[in-house]
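> just coords:
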């Protein structure tokens with residue numbers, strides 16, 4: 001792997017400083033910390049709703065927990081949402097607000113938590129999310145959703161984990177929002193300090209290198225105002241997936257940056273909510 005350098009190009013003509021900036025979404029979006037704080041505050045209302053099942057353990061690690069929000073529909077489809085933070089920040093509790101759009105369409109929502117780096121490497125994180133989906137699918141009757149209509153989605157790092165779950169036996173489709181699909185540049189940025197990605201992980205955990213026509217359909221969405229690298233990641237993955245026979249689509253949301261993208265999932269008629277409803281309706 002190319003060594004990081006402050007002055008020499010290390011990836012697609014970018015030096016280390018430029019590559020770091022290309023993946024530093026917090027710095028690229030003024031007020032991003034306030035946006036995330038707003039999600040946490042808004043999420044408290046959803047978490048307080050009657051019927052909400054919080055902090056259900058699906059494994060023995062502290063963060064191996066999920067929240068379940070029933071829509072009230074009988075035998076509903078389930079949308080399992082995976083939060084972002086480049087695998088090392090945030091938690092499920094601050095993303096509950098994004099259950100609001102799906103719930104309004106009779107889609108149950110599970111918010112999946114997972115151990116963060118550096119306590120967990122990416123291999124372990126992928127295994128934990130797989131275990132969360134296993135737990136949900138094995139207990140579908142108790143939760144009240146249709147096991148044959150399990151969909152997974154996520155934002156940023158959660159977009160990567162969504163793509164990694166497309167081969168899960170019970171996943172019928174994925175909604176990958178502003179995701180990472182090739183880990184090679186990540187391994188060359190500041191983000192790799194807690195992750196310590198190995199060459200083997202880059203190869204085996206990069207969705208770009210795992211494309212297969214047998215995987216579940218995926219809707220890929222990126223913001224028009226995201227960094228060029230985030231837009232490229234989504235575009236390259238969508239193009240490669242379609243070319244290799246996967247059922248895949250790409251939508252660019254004009255005027256949306258990495259953080260304002262998610263607003264679309266908190267509204268009944270938001271773009272991401274519509275993407276999910278369309279995905280559920282087509283499978």
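Perfect, thanks for sending it. All figures in this text were calculated on a predicted structure; none of them were measured in a lab. Numbers count the residues shown, from 1 in each chain.

> Double-check residue 15 against residue 9; I have them as touching.
Yes: using Cβ atoms under 8 Å, residue 15 is in contact with residue 9, at 5.7 Å. Using the backbone N, CA and C atoms, a C-beta is placed for each residue, glycine as well.

> Specify the local secondary structure of residue 67.
Put simply, residue 67 is strand when judged by DSSP: H, G, I helix; E, B strand; the rest coil.

> In contact with it, which residues?
Applying Cβ atoms under 8 Å, 6 or more residues apart in numbering, one finds that residue 67 lies in contact with 47, 52, 53, 54, 55, 56, 92, 93, 96, 110, 111.

> What distance do you get for it to residue 93?
Residue 67 is 8 Å from residue 93, where distance means Cβ to Cβ, to the nearest Å.

> shared neighbours of the two, which are they?
With Cβ under 8 Å, 6+ apart, residue 67 and residue 93 have common neighbours 47, 111.

> all strands for the stretch 151-283 of the chain, in order.
171-177, 218-223, 248-253 (DSSP state E, counting those that start in this stretch).

> Just list what the first one packs against, helices and strands only.
What that stands for is strand 171-177. Identification of packing neighbours for strand 171-177 by 3 or more Cβ pairs under 8 Å, 6 or more residues apart in numbering; DSSP states H and E yields strand 145-155, helix 157-164, strand 218-223, helix 271-281.

> Can you tell me which of the ones you listed is most buried?
helix 157-164 (a mean of 29; mean count of other Cβ atoms under 10 Å).

> quick one: contacts of that one?
Defining contact as Cβ under 8 Å, 6+ apart, one finds that helix 157-164 is touched by 81-87, 114, 125-126, 129, 152-154, 174-181, 205, 207, 210, 218, 237.

> One more: stretch 86-97?
23, 36, 39-40, 42-47, 63, 65-67, 69, 81, 83-84, 111-113, 116-118, 122, 125, 155-157, 160, 180, 186, 191, 194-195, 266.

> Check what pLDDT residue 213 gets.
Predicted confidence (pLDDT) for residue 213: 97.

> That one and residue 245 touch, don't they?
Yes: the pair residue 213 / residue 245 is scored as a contact, 3.6 Å apart, by Cβ under 8 Å.

> Between those two, which has more neighbouring residues?
residue 245 (12 against 9; other Cβ atoms under 10 Å).

> Next one: that one from residue 203, what distance?
Residue 245 is 21 Å from residue 203, by Cβ to Cβ.

> How about residue 278?
Counting by Cβ to Cβ, the gap from residue 278 to residue 203 is 33 Å.

> Next: residue 162.
19 Å.

> Kindly report the same for residue 182.
With Cβ to Cβ as the criterion, residue 182 and residue 203 are 11 Å apart.

> Between those two, which contacts overlap?
By Cβ under 8 Å, 6+ apart, the residues touching both residue 182 and residue 203 are residue 209.

> Tell me which of the two has more neighbours.
residue 182 (19 against 12).

> Isn't the more buried one up against residue 210?
No: here residue 182 does not reach residue 210: they are 10.7 Å apart, not a contact under Cβ under 8 Å.
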